[in-house]
Structure formats: C-alpha cells, structure tokens
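Asker: Got a predicted model here, sequence first, then my questions.
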Amino acid sequence: MAKAIHSMIRVLDEARSVDFYRHAFGLEVAQRLDFEKFTLVYLANAESPFELELTINKGRTEPYDLGDGYGHIAFTVTDLEAEHARFTAEGLNPRKIVEFAPDGEVIAKFFFVADPDGYEIEVLERAGRYQ
C-alpha cells in the first residue's frame, strides 16, 4: 500500500514562504537540504506526518507560472471562524468562509488563501470526511 509523504511546490523566496506557512499553519522546518543549484526545505507540524516540500531554485528571479493544472493543498482546523479571524489579523488575506451544501446539507465549510507565490490553499473545518 502506498503512503503519501509530501507535496512539493517551487517558491522564489525561502524566508517569505517559511514565514507564511509558519504563521498560517504552524509548519516548522523539519529539514533543510542545500545543494549547488537548489535548496529543499521540508515543513511539518505535530498534526500530521505529511510534509510540504519547498524547492528554491537558486538564481531564479521570475515568478513561477502556476499554469492551469495546479488545484490546491488543503489543511483542516477545528475552529474555522477563529482561524479565519487569525488569518485576517495576521494580514494573510483569507477569502470569505463558504458553506458547500449542494443538496441543502453542508458537506464542507472552508475558506481559501493564497501563499506568497500564489499557490491556493483550502482551509476546511474538521467534519465528516475532512478530518
């Protein structure tokens, strides 16, 4: 059986990205591997063994083209309203909270936020399948 261990995104500014993910989701640097042409930074927290890998290509100055294939990464929280308020207070610019209820029953409650490189992140309230 396969086990998901990390997702990788390319970022321009290591410090700015590490700061964003620390403030937004409590992710800390689990490991940093520095190579001649790039650096890998693995971010994690105690909530999950899953990691976010930041790849910083040295000498890159232009923003990455995110294309139309990337969707989002998702995090769950116990108190969505409190997290939305915290994101707002931190200046992280979360979008409005949405209740997804296609047949009248709420399936998910969430908001989206973009990281400094424009990657979309969904923040879901822990409920149902979103634990």
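Answerer: Now that the structure is in, tell me what you want to look at.

Asker: Could you report the separation of Val113 from Leu66?
Answerer: Using Cβ to Cβ, to the nearest Å, Val113 is found at 15 Å from Leu66. Heads up, the C-betas are built off the backbone N, CA and C, glycines and all.

Asker: Which one of those two is surrounded by more residues?
Answerer: Val113 (21 against 14; other Cβ atoms under 10 Å).

Asker: Wait, the more buried one touches Gly91, no?
Answerer: No: in this structure, Val113 is not within contact of Gly91 by Cβ atoms under 8 Å, at 11.1 Å.

Asker: Got the domain ranges for this protein?
Answerer: As recorded under automatic domain parsing, the domains making up the chain are 1-59, 71-131.

Asker: Next, format those domains as JSON lines and append mean pLDDT.
Answerer: What follows is the domains of the chain, written out as JSON lines (pLDDT from 0 to 100):
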{"stretch": "domain 1-59", "mean pLDDT": "95"}
{"stretch": "domain 71-131", "mean pLDDT": "94"}
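
Asker: and the longest strand for this protein?
Answerer: Using DSSP state E to define each element, the chain has its longest strand at strand 48-57.

Asker: what sits up against the helix or strand that that one is followed by?
Answerer: Once the chain leaves strand 48-57, the next helix or strand it forms, by DSSP states H and E, is strand 73-77. If you take Cβ atoms under 8 Å, 6 or more residues apart in numbering as the criterion, strand 73-77 is touched by 7, 9, 25, 52, 83, 119-126, 130-131.
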